[in-house]
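Participant: Provided below are the primary sequence and the corresponding predicted coordinates.
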Amino acid sequence: MFQLPNSWNLTNRINEAKTDSFESFIDSSRYISEQTRADNVVRVLSFPEVSPSGSIDMIKEFDYTHNLVTNDGEVFYAKQGAGETPSANEDFATGFFDISTTAYTEAETDTYNEYDVSGTGSISGSIQAFTSGYPKTNDTGDADNTGDGTDVVSYAVNYSAAAWNDTTIETGAIHDNATPVTASKLLCVFSFTQFSKTSSDTLKVFVNHAFENQ
């Protein structure tokens, strides 16, 4: 009598399929989790659009990127964790967002000189203090911030339509100086997929720093 091999046993095949499916799900979930934490900068551009009925609705466009915490940013977090007072030029708890038109290769040693590409990058009007109440942990107050968490420090800025506009937005940074100079320290820098902000658009940017197993 012809007999199928054990590997063709229907019960075995079903169990194998379940195992493969579960492992695939776990790998996928792990990737999604890591990717979500890696893409910790959330950009929300809101712009008006006329509906077929003639009403004007604000449409939200989301984009995600990641940031690089500088050496000075790491010093800031170390001092905060030890209950020490950060230096006056690295107190990023009361800092500013800064948006630029010039892409460059970020490095941990960067100061404002590298970010601003020697005075040619920063967009006039984009140096703006954090949104009131930020930085904060567990940012449940704004649903647009999809990178919040109980072990996450969130920074945010809200730019009005009239604040500034530009057609080639590419990078951003956080520092602690309303009028930065070349030696001003940076908490972090980040790059966007190039986009435009018109005089009709509002813009929110969230930077989320998660604290994982170290």
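Facilitator: Now that the structure is in, tell me what you want to look at.

Participant: look up how far residue 82 lies from the residue most central in space within the chain.
Facilitator: Most central residue of the chain, judged by C-alpha distance to the mean C-alpha position with C-alpha atoms, centre = their mean, is residue 41 at 0.6 Å. Computed as C-beta to C-beta, to the nearest Å, the residue 41 to residue 82 distance reads 27 Å. Quick note: C-beta positions are derived from backbone N, CA and C, even for glycine.

Participant: again with residue 147
Facilitator: Counting by C-beta to C-beta, the gap between residue 147 and residue 82 amounts to 26 Å.

Participant: residue 179 too?
Facilitator: The gap separating residue 179 from residue 82 is 30 Å, by C-beta to C-beta.

Participant: the residue nearest to the centre of the chain touches residue 206, doesn't it?
Facilitator: Yes: A contact is recorded between residue 41 and residue 206 when judged using C-beta atoms under 8 Å, the distance being 7.0 Å.

Participant: how about the strands of this protein, start to end?
Facilitator: Here the chain has its strands, by DSSP state E, at 41-50, 56-65, 67-69, 96-100, 128-129, 136-137, 152-159, 166-175, 186-197, 202-210.

Participant: give me the number of neighbouring residues for residue 190.
Facilitator: If you count neighbours by other C-beta atoms under 10 Å, residue 190 ends up with 18.

Participant: what sits against it?
Facilitator: With C-beta atoms under 8 Å, 6 or more residues apart in numbering as the criterion, the residues that contact residue 190 are 41, 65-68, 106, 171-173, 207.

Participant: specify which member of the residues you listed is nearest to residue 201.
Facilitator: Of all the contacts of residue 190, the one with the least separation from residue 201 (C-beta to C-beta) is residue 172, at 15.8 Å.

Participant: show me the protein divided up by domain.
Facilitator: 1-38, 42-210 (automatic domain parsing).

Participant: which of these comes out lowest on mean pLDDT?
Facilitator: Of all the domains of the chain, the minimum mean pLDDT falls on domain 1-38 (a mean of 47).

Participant: how about the contacts made by residue 188?
Facilitator: Residue 188 makes contacts with 67-70, 73, 173-174, 207, 209, as judged by C-beta under 8 Å, 6+ apart.

Participant: please redo it, this time with the cut-off set to 6 Å
Facilitator: Listed by C-beta atoms under 6 Å, 6 or more residues apart in numbering, the contact set of residue 188 reads 67, 69, 73, 174.

Participant: please, a PyMOL command that selects the buried ones among those?
Facilitator: Those of the contacts of residue 188 that count as buried under 16 or more other C-beta atoms under 10 Å are selected in PyMOL with:
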select buried, resi 67+69+73+174
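
Participant: closest to residue 151 out of the contacts of residue 188?
Facilitator: residue 69 (15.4 Å).
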